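Trainee: Need coordinates for the following:
(one chain, ligands or ions: 2)
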Amino acid sequence: MIITSAKSFEVILALLKNEDNMFVIGCNVCAAKLRTGGEPEVLEMCRKLEESGKQVVGWALPTAACSIRSFESLVDKNEKIIDACCILVMACGSGVSSVANVVGVPVYGSNDTISLGSLSGGKLISNQCVMCGDCIIGEFGGICPKAQCSKGLLNGPCGGNVDGMCEIDRLKDCAWTLIYERLKKIERLDLLYNIHTPQEHGFK
Ligand code: SF4
Ligand code: SF4
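Mentor: Ligands and ions are numbered 1, 2, ... in the order given. The predicted model follows:
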């Protein structure tokens with residue numbers, strides 16, 4: 001899941017200051033779950049834009065804003081998009097790019113894209129993967145130190161954690177404490193003896 005947070009309406013309005021006749025596109029996957037681009041948020045955005053004097057020609061809610069087949073597929077959702085002078089996408093940066101690839105008018109994004117995370121066990125967890133392109137998460141019991149350790153350490157903790165919390169961010173669990181507990185639980189502490197070689201800045 002891509003974690004997004006909604007920009008304030010004032011910021012969005014400033015982005016759109018020279019635009020009118022807009023079409024709003026949401027995303028029925030990540031943004032809908034996070035309430036940054038599902039149907040209620042899209043309808044609320046349309047209402048606020050109109051109250052602010054902007055004309056909204058229509059809206060659409062594709063299954064995933066990051067997977068838009070063609071302009072025609074958007075027309076199938078709502079043909080009013082043909083009249084749009086600009087498009088506001090309520091999704092992550094990938095969703096905005098996906099829409100921009102198939103339309104010929106300016107495209108804006110209403111959200112800030114924060115990280116690749118998850119909704120797991122009813123809890124929102126951010127920064128679960130930094131998309132390094134060389135996945136070794138299985139060697140850490142399913143918890144990625146590249147993403148979750150503040151120092152990206154691959155060969156054990158820095159020694160600075162206090163009561164299981166990270167020395168860099170005291171509000172965050174030390175990733176290596178979590179990794180140790182997980183490996184212990186699944187009886188794979190032997191994986192801690194694997195030595196990982198230095199990486200190009202940690203990521204490919
Ligand atoms: S090793 Fe970590 S950052 Fe790299 S792809 Fe796997 S989960 Fe993502
Ligand atoms: S305290 Fe834990 S999570 Fe924080 S930098 Fe050190 S090893 Fe990484």
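Trainee: Could you list the contact residues of the chain toward ligand 2?
Mentor: 149-151, 153, 157-158, 160-161, 166-168, 174-176 (Cβ under 6 Å from any ligand atom). All C-beta spots, glycine's among them, are computed from the backbone N, C-alpha and C.
Trainee: mind listing which of those are in helices?
Mentor: 175-176 (DSSP state H).
Trainee: now the residues of the chain next to ligand 2: which count as buried?
Mentor: Neighbour counting by 16 or more other Cβ atoms under 10 Å classes 149-150, 157, 161, 166, 174-176 among these as buried.
Trainee: Give the buried residues for stretch 47-54.
Mentor: For stretch 47-54, by 16+ other Cβ under 10 Å, it's 49, 54.
Trainee: So for it, mean pLDDT?
Mentor: Mean per-residue pLDDT for stretch 47-54: 98.
Trainee: What are the contacting residues of it?
Mentor: Here stretch 47-54 makes contact (Cβ atoms under 8 Å, 6 or more residues apart in numbering) with 9, 13, 16, 19-20, 22, 24, 56, 88.
Trainee: touching ligand 1 at all, the least confident helix or strand in the chain by mean pLDDT?
Mentor: Sorting the helices and strands of the chain by mean pLDDT, DSSP states H and E puts strand 123-129 at the bottom, at a mean of 91. Yes - contact of strand 123-129 with ligand 1 (Cβ under 6 Å from any ligand atom) involves Cys129.
Trainee: And stretch 137-153, by the same measure?
Mentor: Yes - counting by Cβ under 6 Å from any ligand atom, ligand 1 is contacted by stretch 137-153 at 137, 144, 146-147.
Trainee: All set now, cheers.
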